[in-house]
Structure formats: structure tokens, C-alpha cells
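Participant: A structural model of the following input is requested.
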Amino acid sequence: MNCRLEAFRPCLDSRLVSGDAFSLISAFAKSLPLFSAAFLECRLGANDPRVDFAVRLSAESAAHSFQKVSAERGWKIRLDAYHDWLTQHSFLPEEFGHIALEFDIPEASSPILVPAVFLSLHSAASDKNSLIGMSSRILDRRLPASFESYIAHCVDSLPGQAYMGYLGLMLSRAQDAVRLISRISTDRIVEYLRKIGWVGAKEPLEQLLAELATLTDFVCLSFDAGDRVMPRLGFECYLSKQPKHERRWRLLLERLVEMNLCSGARKDAVLSWPGYTRERTTASPVNSKEGSSWNNPFLNSVALIRKISHLKILYDSHARLEAKVYLEMVNYA
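Facilitator: Just a heads-up that it's a prediction; the model follows:
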């Protein structure tokens, strides 16, 4: 997929992603390890042109090809630790286990820095010892004792069937913290935040979550944790079907327009993104779940799949809001 992002350019709406931004991302992608999917992180506010980039790697690809790139760039990230963790938890579903690398894309004249690393977790194996141990191994250093204690508190405080779905190591940020992303019922989020010590405007948060509960299939709570929870929260909004078969995408985006978190033009651009095209090629890719390269001579076309992955609403302790969309790109033979 690395060398095929350009095939998606004709489908991109410049109201979301400028040509210059996509050219910078496409060129950068060629230097990364083999990835199975890519994501464009677009702000939905009318006057915010920033676009960031993320890729998804299989655990096997990350354990091997990523280490070479990491060494070359001086990132000092040991993703083989995650592969080892999966091996130790062989009872998990075969399709489970991937890593996302998220890059803050700077101005064209600046170098792209170290990525944030997100490790997918499973409800059957996301205990506090796993989170703390993996963080230390991947960073190749022990987390401060106060961090370990607080992460354990966050895991222990989860209600009922809730669990940590991702562990994020925010190496690209100056703030020394880990990101915890939990799958938790919307009606339990405010209570959970109280238990872990978040201090912020709760009444408008309750109103927001009540709306999201009707407009999504589920919401994931995202927050940064060090020796305490950081003020800014994220609410990742998911729907299992794409807009053609799920009207709530439009309703959710229209509600964001009403809240002045999304422009009408960007709403339309997001809704027009999903779809697919087939492209003839003499060097077609194999679906790179195992990190395969895109050079199978027996195939002569690929499907270019475009999806809305999810929307994200950021909420700080003063009830200030921001909205983003994550556009997904996948190639299938």
C-alpha cells in the first residue's frame, strides 16, 4: 500500500485535504514499513487546514520491518515487545493484533518527527500488568512509579464490561504520558471520569454524551494519563456501516455543523468520501494482513476502498470542543 496512496488522490476533496498536504503525506508514506491501511486525520472546523497521517501495521510486520526503519530514524521504539505479548496470548482471535503509527504532519519545510504508537488490545487480555509491562518494554525504560500506579487505578476503575481497547505511547508529543482508549458505555463515562479524578465541566459533558448515544453504535473514551488524568478528553464515535447504509453519519455531521464544530462544506466532503474503484495494474498488491508487498504478478487489478473510520470529538475541562474525521484507505486485490 505504501506506494499506492497516489491512487486515492482523485477521490480526495480539497475542502478536507489540500493537494500540497497530500503530496507531502504520499511521499513520506513510501519510507514507512509495509502497512495494510492508511488514515487521514482531518479537522472539521472551517478554518483549520491541518491534516495528520496514520498507518496500520500487522504485529508481525511491526516486529520485523518496522525495527529497521526505527533504527534508521533513531526512534528507539521496540515493537517486537507487542509481538511477543501476542504470542504469549495465543488464545486471542487470529485476526486480532495490530499497531497504528500516527504522525503529526508539520509544514513542508520541517522534518516529520517520531510517531505516536497505538497498540490494539483485547477484552480478554488488557489487564493493568500487560499495559504497564508493554509500555516499559516498548519504550525500553521503566515508567515512573506514579504513572504505573495511576494506570493501574484507571484499569481497576473501569465499570462492568468496559475494557482498554488501545494503549497509546505519545512519543510525538512533549507531554510525558500514555494514552488510554477504553470501550465503555456512554452512560458510565461521567461516573468513570469522576472515579479517576478528572476535573471538568460535567453537565455539558453529560448532555453531549446523551446525544452521541443516539447517533453512534458505540463511543470510545480517549484520555492521556501520567500521574493523573489530563484535562482534554476524546470521544471516538463509531458506526458499523457507511453513509449509504447508515443515515446517522449525516445526522451526526449535521449536528456538528449546528454546534459550529464542522463547516457545511466539510460535512459534504466527508459524506462523499466512502466508496471504491478498481484500478488495473501490472503489479497488484496482496491484502497485506501479513505485511505482504504489492508485487504479485498473477493479479492485474486492485480495489481501492474508501471508508469513514470514525469521528472524534475533543472536549476539555472548560467544555471547549473540536471535531475531527478519520478517512480510511485500503487496497485489496
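Participant: any idea how far Ser301 lies from Arg4?
Facilitator: 12 Å (CB to CB, to the nearest Å). Glycine gets a C-beta too; all of them are placed from N, C-alpha and C.
Participant: what's the answer for Ile181, then?
Facilitator: For Ile181, the distance to Arg4 - CB to CB - is 28 Å.
Participant: what's the answer for Ser135, then?
Facilitator: With CB to CB as the criterion, Ser135 and Arg4 are 33 Å apart.
Participant: Would you map the helices across this structure?
Facilitator: 19-29, 59-73, 80-88, 128-139, 145-156, 189-195, 202-215, 248-258, 264-271 (DSSP state H).
Participant: and of those helices, who's closest to Tyr332?
Facilitator: In terms of CB to CB, the element of the helices of the chain nearest to Tyr332 is helix 59-73, at 16.8 Å.
Participant: average pLDDT across the closest one?
Facilitator: Helix 59-73 comes out with an average pLDDT of 70.
Participant: ok, and the closest non-adjacent residue to Leu40?
Facilitator: Counting by CB to CB, 6 or more residues apart in numbering, Leu327 is the residue found nearest to Leu40 once chain neighbours are left out, at 4.5 Å.
Participant: show me the residues around that neighbour that make contact.
Facilitator: Residues near Leu327 by CB atoms under 8 Å, 6 or more residues apart in numbering: Leu16, Phe39, Leu40, Cys42, Val270, Trp273, Arg306, Lys307, Ile308, Ser309.
Participant: and it, what are its bridge partners?
Facilitator: Leu40, Ile308 (DSSP bridges).
Participant: possible to save the helices of the chain as a markdown table with distance to Arg50?
Facilitator: Shown next, in a markdown table, are those (distance: least, CB to CB, whole Å):
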| stretch | distance to Arg50 |
| --- | --- |
| helix 19-29 | 8 |
| helix 59-73 | 22 |
| helix 80-88 | 29 |
| helix 128-139 | 27 |
| helix 145-156 | 29 |
| helix 189-195 | 27 |
| helix 202-215 | 23 |
| helix 248-258 | 17 |
| helix 264-271 | 13 |
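Participant: Ok, which of those helices comes nearest Met170?
Facilitator: helix 128-139 (10.9 Å).
Participant: quick one on the thing from earlier: neighbour-wise, which of Ser301 and Arg4 wins?
Facilitator: Between Ser301 and Arg4, Arg4 has the larger neighbour count (other CB atoms under 10 Å), namely 21 against 11.
Participant: wait, the more buried one sits on Tyr332?
Facilitator: No - with contacts counted by CB atoms under 8 Å, Arg4 stays clear of Tyr332, the gap being 11.3 Å.
Participant: which residues touch Ser126?
Facilitator: Neighbouring residues of Ser126 by CB under 8 Å, 6+ apart: Val155, Tyr163, Met164, Gly165.
Participant: Which neighbours do Arg4 and Tyr332 have in common?
Facilitator: Here Arg4 and Tyr332 have Val302 as joint contacts, going by CB under 8 Å, 6+ apart.
Participant: From Ser36, how far off is Val229?
Facilitator: Counting by CB to CB, the gap from Val229 to Ser36 is 32 Å.
Participant: what residues are up against the residue lying closest to Arg73 once chain neighbours are set aside?
Facilitator: Nearest residue to Arg73, sequence neighbours excluded (CB to CB, 6+ apart): Val114, at 7.6 Å. Counting by CB under 8 Å, 6+ apart, Val114 makes contact with Arg73, Trp75, Ile77, Leu171, Ser172.
Participant: again, 10 Å this time
Facilitator: Contact analysis of Val114 by CB atoms under 10 Å, 6 or more residues apart in numbering lists 70, 73-77, 101, 103-104, 169-173.
Participant: Of those, which is the most crowded?
Facilitator: Highest neighbour count within these, by other CB under 10 Å: Leu101, with 26 neighbours.
Participant: Next one: the residue nearest to that one when sequence neighbours are not counted relative to Ser70, how far apart?
Facilitator: Counting by CB to CB, 6+ apart, Pro115 is the residue found nearest to Leu101 once chain neighbours are left out, at 4.1 Å. Distance of Pro115 to Ser70, computed by CB to CB: 9 Å.
Participant: For the two, list the residues in contact with both.
Facilitator: Listed as contacting both Pro115 and Ser70 by CB under 10 Å, 6+ apart are Ile77, Leu101.
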